[in-house]
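Colleague: Sequence below, structure please.
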Amino acid sequence: MSSEGEDVQREIIRIDESKCDGCGQCVAACPEGAIRIIDGKARLVKESYCDGLGACVGECPRGALTVERREADAFDEQAVRAHLARREVEEISSSAPPAGCPGVAVRQVGASRPAAGVGRGGEMISALTTWPVQLALVSTDAPFLRSADLLVSADCVPVALADFHDRLLAGRVVVVACPKLDGRLEQYAAKLESVFRNNDIRSVTVAHMEVPCCGGIVRAVRTALERSGRTDVEFRQVTVGISGELKRQGPSP
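Modeller: Alright, predicted model coming up:
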């Protein structure tokens, strides 16, 4: 095996950034962890991490990935093992999403839906248009965050509020978290600060339960807005009772 850093003629992945929409499906499909989403685009982390077999190619819905033969650093299996071990430690110790899990790949799941409601067959239509929804799993540079109307919801709210999709979710990008159990309020504030700084968020609606411990999600959003300096973001707060009734709905006092 050639040593890392030695150029050889071999097959290696090629990413056409003009076609890439940052969905992340190629990241989940790469067992060597050679691809990451950076600034909203898929990028090759290091040539020596890519084996050139193209496991990711068929997973790209935009046709942005191909395999080409060119001069590149030799594939280094030992370096890949070390890279994956480091990444596992980083993911456990931080709030960043686990990049190798297909379940957290960034997706637009219903961008053409006009709104929630009842479909032709009588079935309810979801207003959810983006994935993932857990704040801990959402990348701060996910394409769907750009110029979004953001809904930050405590995760009990969709269970308690019967018309959550119609009343709050329709037309918004949602992230959910539990301010009581997660123990990540400072990390959430930092992540939301990055979201506000980098994505030109137009408005933010914070939905929480009436119980006192649920107010932490409001504090995290307020802290993020203050730190980011985004005084122009429209802020709205919604409080839901444990019986499912709306206790409060309106702009921040």
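Colleague: Tell me where the chain has helices.
Modeller: In the chain, the helices defined using DSSP state H lie at 25-29, 77-93, 157-160, 164, 185-198, 216-228.
Colleague: neighbours around I37, how many?
Modeller: Here the number of neighbours of I37 (other CB atoms under 10 Å) works out to 22. All C-beta spots, glycine's among them, are computed from the backbone N, C-alpha and C.
Colleague: is it true that it touches P143?
Modeller: No. Assessed by CB atoms under 8 Å, I37 is found out of contact with P143, at 9.2 Å.
Colleague: Tell me where the model's unsure across the stretch 1-150 of the chain.
Modeller: Scanning the stretch 1-150 of the chain with the threshold set as pLDDT under 70 gives 1-6, 88-106, 110-122.
Colleague: In CSV: the helices of the chain, plus distance to L44 and mean neighbour count.
Modeller: Output for the helices of the chain, formatted as CSV (distance: least, CB to CB, whole Å; neighbours: other CB atoms under 10 Å):
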stretch, distance to L44, mean neighbour count
helix 25-29, 10, 22
helix 77-93, 13, 13
helix 157-160, 38, 18
helix 164, 40, 21
helix 185-198, 22, 19
helix 216-228, 31, 20
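Colleague: So which of those is nearest I125?
Modeller: The minimum distance between I125 and the helices of the chain falls on helix 164, with 13.2 Å, by CB to CB.
Colleague: was I right about A64 contacting E17?
Modeller: Yes. Using CB under 8 Å, A64 is in contact with E17, at 7.4 Å.
Colleague: the more surrounded of these two?
Modeller: Set side by side, A64 and E17 show more neighbours around A64, with 21 against 12, by other CB under 10 Å.
Colleague: That one: what's it in contact with?
Modeller: 15-20, 26, 42 (CB atoms under 8 Å, 6 or more residues apart in numbering).
Colleague: Who are the contact partners of the nearest residue to it once chain neighbours are set aside?
Modeller: Nearest non-adjacent residue to A64, counting by CB to CB, 6 or more residues apart in numbering: K19, 3.8 Å away. Residues near K19 by CB under 8 Å, 6+ apart: 62-64.
Colleague: No more questions from me, cheers.
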